[in-house]
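> please find the sequence and the predicted model below.
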Amino acid sequence: MGITNKSVVNDIDSLKKQVAKIITAFKEPALVEPFLEGREFSIAMLGNPGEVLPIIEPNHSMLPKGYLPFDSYEVKWYFEEQGNSNYLMCPAKMDKKLEIRIKEICHEVWKALEVLDWCRIDIKCDKENNPYVLEINSPAGLIPPEVSTTSYFPLAARTAGMDYEQMLLQIIKTASYRYGLKIK
């Protein structure tokens, strides 16, 4: 299900209650981490080796009251899907140093996890703009733009100049090439 607004707690009693809910609901241990208060990015990668497509940044300042400033379950499935396509900035605006560091991290993750063909990596920064990997989505969602304009991987591909069909064909070509198949 992912992280929700209720996942962020500010005191020990709330933490204990939330951990108990997670353990009860999922029948496994809860993961407890400090909340990173910085910027958030989603990075699509395509190819072998993976190349970074234009980076996406959610514009948390657009969130209505009651939404916490991170890409929670509520934001992804309620706010974004209500047609708030301007919420996602692609390409993200950032200084060159941060962009280079994010790309380096993504290439390191790709190599370390032996990712093939395509994926999406979510990164969040702390207050000092140090990036941390939140998760890797392999395979990443590919909702067609006529269904959702906020599906992250297709949005990054569109920003890179690929329409939906071209993006799918590139994924297929990338995977096929590993098997010695050439697709026109």
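Received the coordinates, thanks.

> Lys182 contacts Ile172, doesn't it?
No - counting by Cβ atoms under 8 Å, Lys182 stays clear of Ile172, with 11.4 Å between them. (Each C-beta comes from the backbone N, C-alpha and C, glycine too.)

> neighbour count: these two, which is higher?
Ranked by neighbour count (other Cβ atoms under 10 Å), Lys182 and Ile172 place Ile172 first, with 13 against 7.

> quick one: that one from Ala44, how far?
Computed as Cβ to Cβ, to the nearest Å, the Ile172 to Ala44 distance reads 16 Å.

> same thing with Thr174?
Distance, Thr174 to Ala44, using Cβ to Cβ: 13 Å.

> then Thr150?
Going from Thr150 to Ala44 by Cβ to Cβ gives 13 Å.

> so which other helices or strands are in contact with the helix-or-strand element of the chain with minimal mean pLDDT?
The weakest-scoring helix or strand in the chain, judged by mean pLDDT, DSSP states H and E, is helix 73-74 (a mean of 72). Here helix 73-74 touches no other helix or strand, going by 3 or more Cβ pairs under 8 Å, 6 or more residues apart in numbering; DSSP states H and E.

> spit out the residues that contact Thr174 and Ala44 alike.
Shared contacts of Thr174 and Ala44 (Cβ atoms under 8 Å, 6 or more residues apart in numbering): Trp118.

> who has more neighbours out of the two?
Ala44 (28 against 17).

> hey, what's that one bridged with?
Beta-bridge partners for Ala44, by DSSP bridges, are Arg120.

> that one touches Trp118, doesn't it?
Yes - using Cβ under 8 Å, Ala44 is in contact with Trp118, at 7.5 Å.
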